[in-house]
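**Q** Coordinates only, no sequence provided:
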């Protein structure tokens, strides 16, 4: 019984707190998070070979786009310093840093900023602002707004410039929209991305990536200078049907499985391949 | 400062309001430049102390709404009353001595808005030139929103500038009549590869570049040198394949050259983004990254059609091979004034003409 007064005080405090200022931020992601090379190792290390679209629900148009890709497009002056786009960035090289932009008076969370090694500062607006109209500019990071769903940060993004989804040319268009669920589990971060593209995907592309908190690292400077020496002025690409390397990906799985598509993203597809192999 | 804040709020409200059909929408772009959306083709507007310069005029049907929007803009940007910032030693001496600049700034009514002084046409198309007459020849006593526009004493006509090929095609007689009514003709033309206004307008140089065989043979791009904005006209569109008007001198190579010219002028702020902004003839505001993506699409399709021609394929065979397949969801159309098949046909004929 001697603890009863203390208990009452605590309960009263909890009640007051619950009725006072609204809780505007439920999870703090601030800090630098290092990549964990697990399920994402295929993207982070040497990178997938040409023609490997497994796990990506490409439609025919998306497959044509990917098949035409020539990695030499990176030599174009306009693309030499091209940053990773928001959908690709989570599995790109390097750590990620989160920091909160807070109103100095009201202390409400205005925005969450996300920074990457070689990309652009990405802003997730938390102040309830609407998304811009269609005719406003698009960016590589897109326009993002966030809201809380329990302890999960739910981020909706549009106005993203079309770019690559995988290094071998599988791409998304600038009509794509993205929803992300960002969860913190202690010192681990899980990002679940759902990318919807009516132009190049049959179904939404769903991908998870995890990071671990790293309190002894920092993002480094990543300079970029455009070189215009000894490069072609033409736009590099492969004409349809001329990319011999497309079969490189088929060394350990059937060719049809490398071609992507919605069907290939479901577990049942394994059985279909086994049946086809018999 | 308050004036600037008020303007920012006004512009922000305009910018982030979701578009309604049949309305003109305003997007502040950069520096002096605003984009007006919904008048047919996009309109770029330079607003400032010298008045208004429009790049393109929209359709004739939308002229009243364009005019009302321009007046709202010019009033908000250049003619609104503002708190006095001139106090004591920081105040320039008045030539009339007895007058107090501080008091006048507070009690004075808003200055009349400055008129439209220039309209530059990027091509001959009616969705870019249809408003020429109504926007340039506004009656002196016209009152919109209760404000006299243009102010008394200012000639109520704007100079309409275009490449001479625009005037040539507009004035060419068809069955004894000019192709386009004379009220829509440009009043001033240029004939070289470039042209510049003879003096600053709203504090910056304005340059015109002729793209000799892109959408047509009379295309102009307009570069606002200080604001760092290019109004590209129909050389760039984010909503369709390039409209190549073969009958008016357009070619696929010229369209590609025009896009590369934009990329030659434009400089990104950082990592292929921002910096020089580009207002397309139709669609959203772009930067180098967007223009490069569009240029790549045009170049790839051109290469495919050229390869098909080299193999001896007919136009129908080329269309059946779907050389635009992956881009149709972004720029294609099966109906309307510029279908995918029409684009492929234009590319095919444009390239065939060289062989």
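**A** In hand now; what should we look at? In this text the structure is predicted, and so the values were computed from the model without any measurement.
**Q** From here on, just use CA atoms for contacts and neighbour counts.
**A** OK.
**Q** how about the helices of the stretch 151-278 of chain A, start to end?
**A** Taking DSSP state H, counting those that start in this stretch as the criterion, the stretch 151-278 of chain A carries its helices at A:255-258, A:268-277.
**Q** and stretch B:268-278, which residues are buried?
**A** Using 16 or more other Cα atoms under 10 Å in any protein chain shown as the test for burial, stretch B:268-278 gives B:268, B:271-278.
**Q** Same question for stretch A:226-244.
**A** The neighbour-count check on stretch A:226-244 (16+ other Cα under 10 Å) flags A:235-239, A:243 as buried.
**Q** In TSV: these, plus pLDDT.
**A** As requested, these are arranged in TSV below (pLDDT from 0 to 100):
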residue	pLDDT
A:235	94
A:236	94
A:237	95
A:238	94
A:239	96
A:243	81
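**Q** The residues you listed also near chain B: which ones?
**A** Applying Cα under 8 Å from any Cα of the partner chain, the subset of the buried residues of stretch A:226-244 adjacent to chain B comprises A:235, A:237, A:239.
**Q** which one of the helices of the stretch 151-278 of chain A is the most hemmed in?
**A** The highest mean neighbour count among the helices of the stretch 151-278 of chain A, using mean count of other Cα atoms under 10 Å in any protein chain shown, belongs to helix A:255-258: a mean of 19.
**Q** how far is that helix from where the chain is centred?
**A** Centroid separation between helix A:255-258 and its chain, computed with Cα atoms, centre = their mean, to the nearest Å, is 24 Å.
**Q** just the ones next to chain B among the buried residues of stretch A:226-244 now: which is nearest residue B:194?
**A** Lowest distance from residue B:194 to those (Cα to Cα) belongs to residue A:235, with 26.7 Å.
**Q** is it true that the closest one touches residue B:298?
**A** No - the pair residue A:235 / residue B:298 is not scored as a contact, 9.6 Å apart, by Cα atoms under 8 Å.
**Q** other SSEs contacting the top strand by length along chain B?
**A** The residue-count maximum for a strand in chain B (DSSP state E) belongs to strand B:229-237. On a contact count with 3 or more Cα pairs under 8 Å, 6 or more residues apart in numbering or on different chains; DSSP states H and E, strand B:229-237 meets strand B:219-224, helix B:252-265, strand B:277-282.
**Q** So which elements touch the first one?
**A** Counting contacts by 3+ Cα pairs under 8 Å, 6+ apart, strand B:219-224 is packed against strand B:159-163, strand B:206-211, strand B:229-237.
**Q** quick one: the closest residue to chain A within the stretch 151-300 of chain B from residue B:25, how far?
**A** Among all residues of the stretch 151-300 of chain B, residue B:284 sits closest to chain A, at 3.9 Å; criterion: Cα to the nearest Cα. Residue B:284 sits at a distance of 12 Å from residue B:25 (criterion: Cα to Cα, to the nearest Å).
**Q** Would you mind listing what in chain B touches chain A?
**A** Residues of chain B lying near chain A (Cα under 8 Å from any Cα): B:15-19, B:27, B:37, B:263, B:271-273, B:283-290, B:292-293, B:296, B:299-300, B:303-304, B:325-327, B:329-330.
**Q** Which ones among those map onto strands?
**A** The strands, defined by DSSP E, take in B:27, B:37 from those.
**Q** how about the strands in the stretch 101-250 of chain B?
**A** Taking DSSP state E, counting those that start in this stretch as the test, the strands found in the stretch 101-250 of chain B are B:116-120, B:143-144, B:147-148, B:159-163, B:173-174, B:177-178, B:188-190, B:194-196, B:206-211, B:219-224, B:229-237.
**Q** quick one: low-confidence ranges for the stretch 101-250 of chain A?
**A** Scanning the stretch 101-250 of chain A with the threshold set as pLDDT under 70 gives A:230-232, A:250.
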